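Asks: quick one, what's the 3D model for this:
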Amino acid sequence: MQNQPTFVLVHGAFANSFSFAPLQAELALLGHRSVALDLPGHGFEATFPAAYQAPQDLDALAAAPGSIKGVMLADNVARVTEVLERAKRNGPTVLVAHSRGGFTATAVANARPELIDRIVYVSAWCPVDLDVAGYYAEPEMADVDPGGFAAALVGNPAELGLLRTNFRTADPATLDAFKQAFAADLTDDEFRTFLNTFQPDENLDAGTPDDRAQAATWGRIPRTYVRLAADASLPPAVQDRMIREADALTPDNPFDVRTLEGSHLRWLVHPGAAAEVLASLAGN
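Replies: Numbering: from 1, shown residues only. Reported below is the predicted structural model:
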């Protein structure tokens, strides 16, 4: 088993390790080991205020403290690094990041490239020329409307020290905005089931320009980008731009690019094809 890699799975915003369970089952059945971690303040470290339950009390929810307050990108990096150090004792590691998890994975690779034998971005942020905020101002993100989720935001982020979203809303317009952005190709039941795995709180630290991919460290790790062809929250045009920028940064070590059909979340609900892609990387 020493030559078999361990896939280390890093979730995105408002998510947790639970969402990787179907993918891990598929990987196991293909003979591969994996570990899905929870970033600080996620999973069983998350806060679900009583006011978030039913019936909801939105006024109380807007003021309730959350455990993720004060969590920084550096804390995420420390958590992933610890897991990689332990996994590395058993052989190669493949770091797999989804969505917002991409800038945590990038920061880890900047700091500790020797712990990672391959890094895989699945429709994940890989900031190169710009920071994440900068990409949102670019034409490739023009069709993404963050304001579509405004009705689900609860409380003042500056006062709470975190970003809080009411994923248990029953507002049809807000639910439709979520579905179109993340899961337009899932059934309503699949979509609502996934929505109920989300936690309400996320940290506010998206990193700085210093956390962009660095050629000398991150750039020496073999890397794969798995494009999601129907992703409406991180559109293919943005995915392709980050791939081009990364390849220009380290032309001798370009991305190995794969494409899966489907939305931002479909690969987690129907993970067969994604597991096959990851399994194909096990010996590379």
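Asks: could you check the helix or strand where residue 81 lies and say which residues are buried?
Replies: Applying DSSP states H and E as the criterion places residue 81 in helix 73-88. Within helix 73-88, the residues that count as buried by 16 or more other C-beta atoms under 10 Å are 73, 75, 76, 77, 79, 80, 83, 84, 87, 88. C-beta here means a position set from N, CA and C on the backbone, and glycine is covered the same way.
Asks: can you redo those as a markdown table with distance to residue 249?
Replies: Below are these laid out as a markdown table (distance: C-beta to C-beta, whole Å):
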| residue | distance to residue 249 |
| --- | --- |
| 73 | 20 |
| 75 | 26 |
| 76 | 22 |
| 77 | 20 |
| 79 | 26 |
| 80 | 22 |
| 83 | 26 |
| 84 | 22 |
| 87 | 27 |
| 88 | 25 |
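Asks: okay, and for the stretch 151-284 of the chain, where does confidence drop off?
Replies: Applying pLDDT under 70 to the stretch 151-284 of the chain flags residues 284.
Asks: and the helices in it, which stretches?
Replies: With DSSP state H, counting those that start in this stretch as the criterion, the stretch 151-284 of the chain has helices at 157-160, 172-182, 188-195, 236-249, 266-269, 272-280.
Asks: follow-up on the earlier one: next SSE after the helix holding residue 81?
Replies: strand 93-99.
Asks: which other helices and strands contact the following helix or strand past that following strand?
Replies: With elements assigned by DSSP H and E, the helix or strand that comes after strand 93-99 is helix 101-111. Packed against helix 101-111 by the contact rule (3 or more C-beta pairs under 8 Å, 6 or more residues apart in numbering; DSSP states H and E) you find strand 6-10, helix 73-88, strand 93-99, strand 118-124.
Asks: the first one vs helix 101-111, what angle?
Replies: Using axes from the mean of the first three to the mean of the last three C-alpha atoms, to 10 degrees, one finds that strand 6-10 and helix 101-111 are set 120 degrees apart in direction.
Asks: just after strand 6-10, pick out the following helix or strand.
Replies: Per DSSP H and E, strand 6-10 leads on to helix 21-29 as the next helix or strand towards the C-terminus.
Asks: elements contacting that next one?
Replies: So helix 21-29, by 3+ C-beta pairs under 8 Å, 6+ apart, packs with strand 6-10, strand 33-36, helix 266-269, helix 272-280.
Asks: circling back: what's the offset of the helix holding residue 81 from the middle of its chain?
Replies: 15 Å (C-alpha atoms, centre = their mean, to the nearest Å).
Asks: next, the angle helix 101-111 makes with it.
Replies: Helix 73-88 and helix 101-111 are oriented at 70 degrees to each other (the same axes, to 10 degrees).
Asks: which strands and helices sit next to helix 73-88?
Replies: The contact analysis (3+ C-beta pairs under 8 Å, 6+ apart) places helix 73-88 against strand 6-10, strand 93-99, helix 101-111.
Asks: quick check: angle from it to strand 93-99?
Replies: Using the same axes, to 10 degrees: helix 73-88 against strand 93-99 is 150 degrees.
Asks: hmm, back to that, hey, which of the helices of the stretch 151-284 of the chain is tucked in deepest?
Replies: Mean neighbours per residue, mean count of other C-beta atoms under 10 Å, is largest over the helices of the stretch 151-284 of the chain for helix 266-269, with a mean of 22.
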